[in-house]
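1. Quick one, structure for this:
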Amino acid sequence: MREIAAVFLSTVRMNFRDRRSLIFMILFPIVLTLILGTALSSVSGSSDTAEKLDSRAALINQDHGAMAGRMEKFFRSPEIRKIVHTKTYRSLSTAKADLKKQKLDAIIVINKGFTQAVENGSSKKLDFITSGDMESSLIKNITQSYLQRINAYRAAAAFAPQPAAPLLADHALSINGKIPRSSDYYAVTMLIMIILYASAYGLNVVREMNLSPIGYRIRSLPVRQINYLIGKTLGQLATVFLQIIVLVTFFKFIYHANFGSNLPFIFLVCFLLGFIIILLSIALALLFSYKMADTILDLAIPVATFLAGGYVKLSILDTNPIAVALNSWLPNAVAQNLVFQNIYGGTGQTAAGGVLKLTLIALAILLLTIAALRRNNHADLSK
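-> Okay, here's the model as predicted:
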């Protein structure tokens, strides 16, 4: 235990002496968030609220029941009309044509049987067709927020002890009456992205163990190599976690981005993601080589960030079955959705379910790392 603690402390000290890495891990996401947040706010015409966005939605009522009528009334209310300009269409083909011409940002279809399904306590989903821009995401959030009220109504009417099933076919984070700024969105996505780049710390563990003079000296000393590996890994993880605390503190209290009120949960999710990324980079470096693992991760991180909607929110990422399947198990996408749901609410996976999924991914990668150690003639390290 003393050996692990000594290696742990020395690793943290060495990492904080590496000013180049610290600047990249802390300043890079801050600068990128400022650029993306400001650029998107300029495009949308507002830097503070989404009320000035020119959001245009088509509402097609194929049900004409009481609940469908209430939903139409909701979108015509003065409060909502300040945010979304809603136009009623009779033909779906006409609405799709206007969407292609960029006259609309989204189409909401209230399917026939919607009112009866709500009153009977069964699930009848709506169809949501989106252009994929920031305005369409806003309309989707407002729609989901209203449907949560219907879910509550249905659950109360049926005296159901469990939450009712979501009524919107295309799931998205719910704002629950709060509208996120572009800077709020990118503060979260850039935080998640920078945790992915913590893979460099994991690669450094293998590089020092196999390629540096420090590793050679460790192997020649009467020190258990597993203690060195554990201490080194924990030291890298602690460094990443301290950087996460600095970033969240800056975004929340200086940049005034919305991180909600439950920071401990957000830190837990970020810690699990950091643990997964460091373990994965160690496993890849052992299975292939340091340089090959570095190349793989350099390619994989931008792709994973794109698929999770880190650079831009695209509707295809929420509707395409392949993208949805990938995002349901991509660690960064799972973590990002958990953070958004914790801040804004939503009807996706539960917090406990998401944390359990991240834990299972971490355990699977831990087993992969142990197998990689044995494969590389480090059987003593895998015990």
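2. mind checking which helix or strand of this structure has the lowest mean pLDDT?
-> Ranked by mean pLDDT, DSSP states H and E, the helix or strand of the chain with the weakest confidence is helix 213-220, at a mean of 64.
3. next SSE after that one?
-> Per DSSP states H and E, the first helix or strand lying C-terminal to helix 213-220 is helix 225-249.
4. Packing partners of the following helix or strand past that following helix?
-> Using DSSP H and E, the helix or strand that directly follows helix 225-249 along the chain is helix 263-287. Identification of packing neighbours for helix 263-287 by 3 or more Cβ pairs under 8 Å, 6 or more residues apart in numbering; DSSP states H and E yields helix 182-196, helix 199-210, helix 225-249, helix 290-307, helix 331-344, helix 351-375. In short, each C-beta sits where N, CA and C put it, glycine included.
5. Residue 93: which of those is closest?
-> Distance to residue 93, taken as Cβ to Cβ, is lowest for helix 290-307 among the helices and strands packed on helix 263-287, at 31.0 Å.
6. I'd like to know which elements that closest one is packed against.
-> helix 182-196, helix 199-210, helix 263-287, helix 321-327, helix 331-344.
7. picking that back up, export the helices and strands packed on helix 263-287 to a markdown table and tack on mean neighbour count, mean pLDDT and distance to residue 112?
-> What follows is the helices and strands packed on helix 263-287, written out as a markdown table (neighbours: other Cβ atoms under 10 Å; pLDDT from 0 to 100; distance: least, Cβ to Cβ, whole Å):
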| stretch | mean neighbour count | mean pLDDT | distance to residue 112 |
| --- | --- | --- | --- |
| helix 182-196 | 25 | 86 | 35 |
| helix 199-210 | 22 | 86 | 50 |
| helix 225-249 | 20 | 87 | 46 |
| helix 290-307 | 16 | 92 | 34 |
| helix 331-344 | 24 | 88 | 31 |
| helix 351-375 | 16 | 90 | 32 |
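8. With residue 138 as the reference, name the closest of these.
-> helix 182-196 (10.6 Å).
9. Verify the stated contact: residue 281 with residue 199.
-> Yes. At 3.9 Å, residue 281 counts as touching residue 199 under the criterion of Cβ atoms under 8 Å.
10. For residue 336, which non-adjacent residue is spatially closest?
-> In space, and not counting its chain neighbours, residue 336 is closest to residue 192: 4.8 Å by Cβ to Cβ, 6 or more residues apart in numbering.
11. Quick check: the one you found touching residue 334?
-> No. Using Cβ under 8 Å, residue 192 makes no contact with residue 334, being 10.0 Å away.
12. how about the residue minimising distance to the centre of the chain, what does it touch?
-> Centroid-nearest residue in the chain, with Cα atoms, centre = their mean: residue 336, separated by 1.4 Å. Shown in contact with residue 336 (Cβ atoms under 8 Å, 6 or more residues apart in numbering): 188-189, 192, 308-310.
13. element containing the nearest residue to residue 246 once chain neighbours are set aside, please.
-> Among residues not flanking residue 246 along the chain, residue 26 sits closest, at 5.9 Å (Cβ to Cβ, 6+ apart). Secondary structure assignment for residue 26, by DSSP H and E: helix 19-44.
14. Now do the longest strand along the chain: which elements does it pack against?
-> Using DSSP state E, we find that the single longest strand of the chain is strand 55-61. Secondary-structure packing of strand 55-61 (3+ Cβ pairs under 8 Å, 6+ apart): helix 66-76, strand 84-88, helix 92-100, strand 106-110, helix 134-158.
15. Reformat the helices and strands packed on helix 290-307 into JSON lines and put distance to residue 65 next to each item.
-> Putting the helices and strands packed on helix 290-307 into JSON lines (distance: least, Cβ to Cβ, whole Å) gives the following:
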{"stretch": "helix 182-196", "distance to residue 65": "35"}
{"stretch": "helix 199-210", "distance to residue 65": "52"}
{"stretch": "helix 263-287", "distance to residue 65": "39"}
{"stretch": "helix 321-327", "distance to residue 65": "30"}
{"stretch": "helix 331-344", "distance to residue 65": "29"}
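16. nearest to residue 296, of those?
-> Using Cβ to Cβ, those put helix 263-287 closest to residue 296, at 6.0 Å.
17. circling back to that earlier point, so who does the residue nearest to residue 246 touch?
-> Contacts of residue 26 (Cβ under 8 Å, 6+ apart): 243, 246-247.
18. Perfect, that will be all.
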